[in-house]
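> here's my sequence, what's the structure:
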Amino acid sequence: MIPQDNEKIIRHKPIERINHWLVVICFLFTAISGLGFFFPSLNWFMNILGTPQLSRILHPFVGTAMFLLFIFMFFRYFSHNFINKDDINWAKNIDKVLKNEEAGDVGQYNLGQKGVYWVVSICLLLLAISGVMIWRPYFAEYFPIPIIRIALLVHSLAAIGLIITIIVHAYAAIWVKGSVRAMVEGWVTRGWAKKHHPLWYREILEKERKQQEEEKK
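Numbers count the residues shown, from 1 in each chain. I've put the predicted structure just below:
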């Protein structure tokens, strides 16, 4: 059964969804090709960008595109990702969360989603900085060998951290029914919002009430 329009709440605007999926596409190309560089047994992963030689050329460019696209996402969601006391209460009721039940007075994003936001932000910043240092033939020559070695280690660890975080993020989105649809079609049902993000749902109701009062004037 398809909900009526008045039962839908817009969660993600078109520009947010487009940006999100462009970041996802860039992530897949850089992560898969990067794993091909890191593990000899996965060298065939480098073919995702054409050939191994082409992957070595394109990998940093696609990674740069991902970082630049994420900058928009970072500032768009920045104000919604500060941790508060309600997030601590959510963490204390993690057993309910795992059962897909309501847990605490959650705002637009819960503690898990905020954690993903900050971990991804830190990992991408480390990847960008270290990536520039090891980027041949453009920038690597400006850094001494010991610094490049450290940058390679940081780049590898940050990449692994990012991949693990994205896997957890994707699993959680599939686990909570309705989350994927929100990022594909942009909307959630009022029941979904009330169950998973009650504080955000009340904020939506308050905005609707004020809008109705303005229309009556």
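> sec struct for Lys114, please.
helix (DSSP: H, G, I helix; E, B strand; the rest coil).
> ok, it touching Asp87?
Yes. Contact criterion C-beta atoms under 8 Å: Lys114 and Asp87 qualify, at 6.6 Å. C-beta here means a position set from N, CA and C on the backbone, and glycine is covered the same way.
> pLDDT wise, what is Ala151 at?
On pLDDT, Ala151 comes in at 97.
> show me the contacts for it.
Residues in contact with Ala151 (C-beta atoms under 8 Å, 6 or more residues apart in numbering) are 129-130, 133-134, 143.
> let's see 7 Å
130, 133-134 (C-beta atoms under 7 Å, 6 or more residues apart in numbering).
> mind checking which of those are in helices?
The members of the contacts of Ala151 that map onto helices under DSSP state H are 130, 133.
> can you lay out the contacts of Ala151 as a markdown table showing pLDDT and distance to Val184?
A markdown table is the format used below for those (pLDDT from 0 to 100; distance: C-beta to C-beta, whole Å):
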| residue | pLDDT | distance to Val184 |
| --- | --- | --- |
| Ser130 | 97 | 33 |
| Met133 | 96 | 37 |
| Ile134 | 96 | 36 |
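> nearest to Asn81, of the contacts of Ala151?
Distance ranking of the contacts of Ala151 against Asn81, using C-beta to C-beta, places Ser130 first at 23.9 Å.
> who's in contact with that closest one?
So Ser130 contacts 151, 154-155, 158 (C-beta under 7 Å, 6+ apart).
> output stretch 8-16 as CSV, restricted to C-alpha atoms.
C-alpha atoms of stretch 8-16 as CSV (Å, rounded to 0.1, in the frame of the first residue of the first chain):
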residue,chain,number,x,y,z
LYS,A,8,4.8,11.4,3.7
ILE,A,9,7.5,13.5,5.2
ILE,A,10,10.4,14.8,3.1
ARG,A,11,13.7,13.6,4.8
HIS,A,12,16.2,14.3,2.0
LYS,A,13,15.9,16.9,-0.7
PRO,A,14,16.9,16.0,-4.3
ILE,A,15,20.2,17.9,-4.2
GLU,A,16,21.1,15.9,-1.0
